[in-house]
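**Q** Predicted coordinates and the sequence they were generated for:
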Number of protein chains: 2
Amino acid sequence: MKENGKVTIYDISKKLNISAATVSRALNNNPKISKKTRDLVFAAAKEMNYKQNRLAQALKSGKSKNVGIIVPYINRNFFSSIIRGIEEELGPHGYHVIICQTHEQMETEVEQINTLLNTQVDGIFMSISKSTTKTDHFKKVLDEGKSLIFFDRKLDVPGVSSVVIDDFKAGYLATEHLISQGCKNIAHFAGDLNLEIYKNRYEGYIKALKDHGFQPNPDYVVTTLSSVESGAAAVSKIWELNEKPDAIFSASDYTALGAIQELKRIGIRIPEDFCISGFSNEPFTKYMEMPITSVDQTPLRMGKIAAQVFLEQVDSPQKLTIEKKVVLAPELMVRNSSDRSLHKLAIH
Amino acid sequence: MKENGKVTIYDISKKLNISAATVSRALNNNPKISKKTRDLVFAAAKEMNYKQNRLAQALKSGKSKNVGIIVPYINRNFFSSIIRGIEEELGPHGYHVIICQTHEQMETEVEQINTLLNTQVDGIFMSISKSTTKTDHFKKVLDEGKSLIFFDRKLDVPGVSSVVIDDFKAGYLATEHLISQGCKNIAHFAGDLNLEIYKNRYEGYIKALKDHGFQPNPDYVVTTLSSVESGAAAVSKIWELNEKPDAIFSASDYTALGAIQELKRIGIRIPEDFCISGFSNEPFTKYMEMPITSVDQTPLRMGKIAAQVFLEQVDSPQKLTIEKKVVLAPELMVRNSSDRSLHKLAIH
């Protein structure tokens, strides 16, 4: 073996006394090469510790065995769990996963798609940024013959598959649950309604109210950022209303946490006087002394299914332009912040 | 402009009636090309929507303007804050950041270094996995003339710079704080002591005990995983001892959280009967109803300094083999889980 470890196909060709072209074909499983020769070449390659140059291989086969994932933030449990699901599903197929975050900037998203395409990924999984309005950068991925799969946050782009949860149903379920606890004036802390996911959660909330005979009150809908501070500020805002709400369906767990802190600060008892549901089932919702009701979006499953869609497409150019739209069912995790059943038992 | 948008230097050369080589040199700011020609070429390139192939450019200049970051987990606030620091510092210099996670597997770490090298990154920032014992894959990065910078978790590898916090001091500070609260039997929930960071935290704990006249008790040191479940289990373990501890310095916030939950479950009052300090200043430590004392490792700063070390090296091959070792000071965030000062006021 050479000192620097950089054994080439020429070294193998010399050792076996066959042409370098034959060695190359054998290593690439070219069917023109006999099994006997292929076995000889692989044995020699292994013995000599030959490593194929993956980039050269990628340029030749058109496959790098790398995929890219782009998310708004890596440190939200929802997104990191989806990433984990993609990794778990693609790992056994020999894929490596590289990750980028946009911090909600479309400009960064465009640059990162270019970066990933330049590093020769075979496909891109992504959840779009809040500020994304254009779709040229998505079309570019398809133009280069690569898979593009949206999860959770998406835009409708022909040829792009997506895996989402049924956010309308999730908003409906959470609101209906609050109604079932006896709440009559349910506020909604919404996300950016330009994003489909937040719009759907909002519409599920409105539909549940109407289906149960409640008239939606626009004053009860506050647009928030997904942060603790924004949740506390939104409580202050609704607390100025003459008829104060008695529940919040929040489109974000962080906003729900901020709301709980602010309500406790001003002396409101939860869940006796006020019920709250968050959204995303972030781990902290479970660990609080006041565990927070939340919607589980099954992100691990979402990642795995996105990965399966990719695997179906990656070796079938004809499937690349067939959109596949998967919608998963949300699951409401009822916890102390909105569960009055235990309290009723204790009081009566 | 061509339909498929793939304008080449040949299209520009045709339009301007100059050679393709001149166009290429102009685009690469070759000083042999006059400013007038360069301006003409750039104007035409812009007008025709020409995009340089970054990969081809990278192969030519040896610089891709991409860097890789490898962390054990992306969803720990500590690591995601370091990543943010690197992004903030390198963004203005035109670098793009791609991220990989190892899930603590050395094998994955080796593969990811190969993946990043194959995608032609200019440098790699990383925190090693718990199971990493070999250093060949680190040497490979240096052999390829790329920067390698460790942050937080490191091994001593000649030529590799590192940015860490003073974990010994952090362990010392946290333990000394517990002593100052009147605790006499202080347990330590340790991480894997094969990792330098955990070993240093442990040694800081031992030194603080000795400096204050306490005899370290080996029964009080429990090795834990960084998880809520592991913290609860470790409390059960120390609760079997005849002389029970009255405080815990935990090397992890998650373990501290599990410990608090278990202690409350068995009816121990915190901080009156028992004081706890965690480690890492994860955001949840602040948001709990019982906010947890913790050590802030200034991860954003750590990331920024790591990025600065990279920027110093990237264009100076002679600096590549000069190790730079930066040690940052930890900061103890005293909160309710160990702060008896408020309670004393209330009781007496």
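**A** Structure received. Numbers count the residues shown, from 1 in each chain, chains lettered A, B, ... in the order given.
**Q** near chain B, which residues of the stretch 1-150 of chain A?
**A** A:4, A:53-55, A:58, A:64, A:66, A:68, A:73-77, A:80-81, A:83, A:87, A:96-101, A:103, A:111-112, A:114-116, A:118-120, A:143 (C-beta under 8 Å from any C-beta of the partner chain). Quick note: C-beta positions are derived from backbone N, CA and C, even for glycine.
**Q** now, which of those residues lie within strands?
**A** Among the residues of the stretch 1-150 of chain A next to chain B, the members found in strands (DSSP state E) are A:66, A:68, A:96-101.
**Q** Mind putting those into CSV with neighbour count?
**A** Shown next, in CSV, are those (neighbours: other C-beta atoms under 10 Å in any protein chain shown):
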residue, neighbour count
A:66, 23
A:68, 25
A:96, 22
A:97, 23
A:98, 23
A:99, 27
A:100, 23
A:101, 26
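**Q** can you give me the helices in the stretch 101-250 of chain A?
**A** Using DSSP state H, counting those that start in this stretch, the helices of the stretch 101-250 of chain A run over A:106-118, A:136-143, A:167-180, A:196-211, A:228-238.
**Q** what about the closest residue to residue A:146 other than its chain neighbours, how many neighbours?
**A** Excluding the flanking residues, the one nearest residue A:146 by C-beta to C-beta, 6 or more residues apart in numbering or on different chains is residue A:123, at 5.4 Å. Neighbour count of residue A:123, defined by other C-beta atoms under 10 Å in any protein chain shown: 25.
**Q** Need the pLDDT of residue A:123.
**A** With respect to pLDDT, residue A:123 has a value of 95.
**Q** Tell me who's in contact with it.
**A** When contacts are counted by C-beta atoms under 8 Å, 6 or more residues apart in numbering or on different chains, residue A:123 touches A:67-68, A:146-149, A:310, A:313-314.
**Q** Most proximal residue of the stretch 201-348 of chain A with respect to chain B?
**A** Residue nearest to chain B within the stretch 201-348 of chain A: residue A:289 (4.3 Å; C-beta to the nearest C-beta).
**Q** Which element, helix or strand, includes that residue?
**A** Assigned by DSSP states H and E, residue A:289 belongs to no helix or strand.
**Q** thinking it is in contact with residue B:284, fair?
**A** No - here residue A:289 does not reach residue B:284: they are 11.8 Å apart, not a contact under C-beta atoms under 8 Å.
**Q** More neighbours: the two, which one.
**A** Ranked by neighbour count (other C-beta under 10 Å), residue A:289 and residue B:284 place residue B:284 first, with 21 against 11.
**Q** In the stretch 151-300 of chain A, mark out all the strands, start to finish.
**A** Assigned by DSSP state E, counting those that start in this stretch, the strands in the stretch 151-300 of chain A fall at A:161-165, A:186-190, A:221-223, A:247-250, A:275-277, A:294-296.
**Q** Most tightly packed of the ones you listed?
**A** strand A:247-250 (a mean of 31; mean count of other C-beta atoms under 10 Å in any protein chain shown).
**Q** Now do that one: which elements does it pack against?
**A** helix A:167-180, strand A:186-190, helix A:228-238, helix A:253-265, strand A:275-277 (3 or more C-beta pairs under 8 Å, 6 or more residues apart in numbering or on different chains; DSSP states H and E).
**Q** Over in the stretch 101-250 of chain A, which residue gets nearest chain B? Let me know.
**A** residue A:119 (3.7 Å).
**Q** That residue: neighbouring residues, count only.
**A** 27.
**Q** Which of the strands of the stretch 151-300 of chain A sits closest to residue A:329?
**A** Each of the strands of the stretch 151-300 of chain A has some distance to residue A:329 by C-beta to C-beta; the shortest is strand A:161-165, at 7.1 Å.
**Q** between that closest one and helix A:196-211, what angle do the directions make?
**A** 40 degrees (axes from the mean of the first three to the mean of the last three C-alpha atoms, to 10 degrees).
**Q** Pairing partners for strand A:161-165, with directions?
**A** Its sheet considered, strand A:161-165 pairs with strand A:147-151 (parallel), strand A:325-328 (parallel) by DSSP bridges.
**Q** Quick check: mean pLDDT of it?
**A** 95.
**Q** Then stretch A:128-145?
**A** 92.
**Q** Also stretch A:223-243?
**A** 96.
**Q** tally of neighbours for residue A:143?
**A** Count around residue A:143 with other C-beta under 10 Å applied: 14.
**Q** ugh, wrong one, residue A:207
**A** 17.
**Q** per-residue pLDDT, it?
**A** At residue A:207, pLDDT is 98.
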